[in-house]
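# With the sequence up front, the predicted model follows.
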Amino acid sequence: MRRLLLLRHAKTETDAPSGQDQDRRLDERGRHDAAEIGGWIRRHSPLPDLVLVSPAVRAAQTWEIAHEAMKDGAPQPNVEFLPELYGADPTQLLTTIRMASATDPKRLMLVGHNPGLHELALTLTGSGDETAKRALSDNLPTSGLAIFDFATDDWNEVSFRRGKLVLFVSPKLLKQSSSD
């Protein structure tokens, strides 16, 4: 079995001082949410073995903050910053996932952007938790995390409609569940 975690970057400032989209930074809520989702991942281990991160400032900051919240003596994942994750569509993202077969992590995380990550999540979903599927159908919000399992031991065999959506979580959903 292979597990894929798709994490959208956290909430950002509207505009970067440079005027470049890739330079947009996390705002205060984004920093809080990234730490919250990182803590949630730590409490629901195992952690990813390999993390592929978009080099956009907001994605890198999301990973850094989430990773800090994940640390708890657990083995640290390998991390790679891949320019091709910025603006990637589902087909490009699937190609990147399949390339993980070179190092063959059991658990792979992508930290990136919409619309690509949301579209990828929708196209990977073949089965899984119905509540999670309904919640994910509208949006992969900032700091949203979709977790998929694939009944294979080879990342090259991961394909559309073959993933089992195990869980979808976001800071908003965590807040709602803690107030229930």
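Nice, thanks for sending it over. Residues are numbered from 1 along each chain as shown.

# Pull out the buried residues from the helix or strand bottoming out on mean pLDDT in the chain.
The weakest-scoring helix or strand in the chain, judged by mean pLDDT, DSSP states H and E, is helix 171-178 (a mean of 78). Neighbour counts over helix 171-178 (16 or more other C-beta atoms under 10 Å) mark Pro171, Leu173, Leu174 as buried. C-beta coordinates here come from the backbone N, C-alpha and C atoms, glycine included.

# Among those residues, pick out the one closest to Arg161, please.
The nearest member of those to Arg161, counting by C-beta to C-beta, is Leu173 at 24.2 Å.

# roughly how far apart are the closest residue in space to the closest one that isn't next to it in sequence and Leu6?
Closest residue to Leu173 apart from its sequence neighbours, by C-beta to C-beta, 6 or more residues apart in numbering: Ala135 at 6.8 Å. The gap separating Ala135 from Leu6 is 14 Å, by C-beta to C-beta, to the nearest Å.

# Please find the angle between the direction vectors of the helix ranked longest in the chain and helix 171-178.
Across the chain, the helix with the greatest residue count (assigned by DSSP state H) is helix 28-43. Relative orientation of helix 28-43 and helix 171-178, computed by axes from the mean of the first three to the mean of the last three C-alpha atoms, to 10 degrees: 60 degrees.

# CA atoms only for the following helix or strand past helix 28-43 - export them in CSV, please.
Next helix or strand after helix 28-43 toward the C-terminus (DSSP states H and E): strand 50-53. Extracted in CSV, the C-alpha atoms of strand 50-53 (Å, rounded to 0.1, in the frame of the first residue of the first chain):
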residue,chain,number,x,y,z
LEU,A,50,9.1,12.1,1.4
VAL,A,51,7.7,15.6,1.0
LEU,A,52,7.6,17.4,-2.4
VAL,A,53,7.0,21.2,-2.0
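
# Next, count neighbours for Pro77.
Using other C-beta atoms under 10 Å, the number of residues around Pro77 comes to 18.

# who's in contact with it?
Contacts for Pro77 (C-beta atoms under 8 Å, 6 or more residues apart in numbering) come out as Leu47, Pro48, Asp49, Leu50, Val51, Pro105, Met109.
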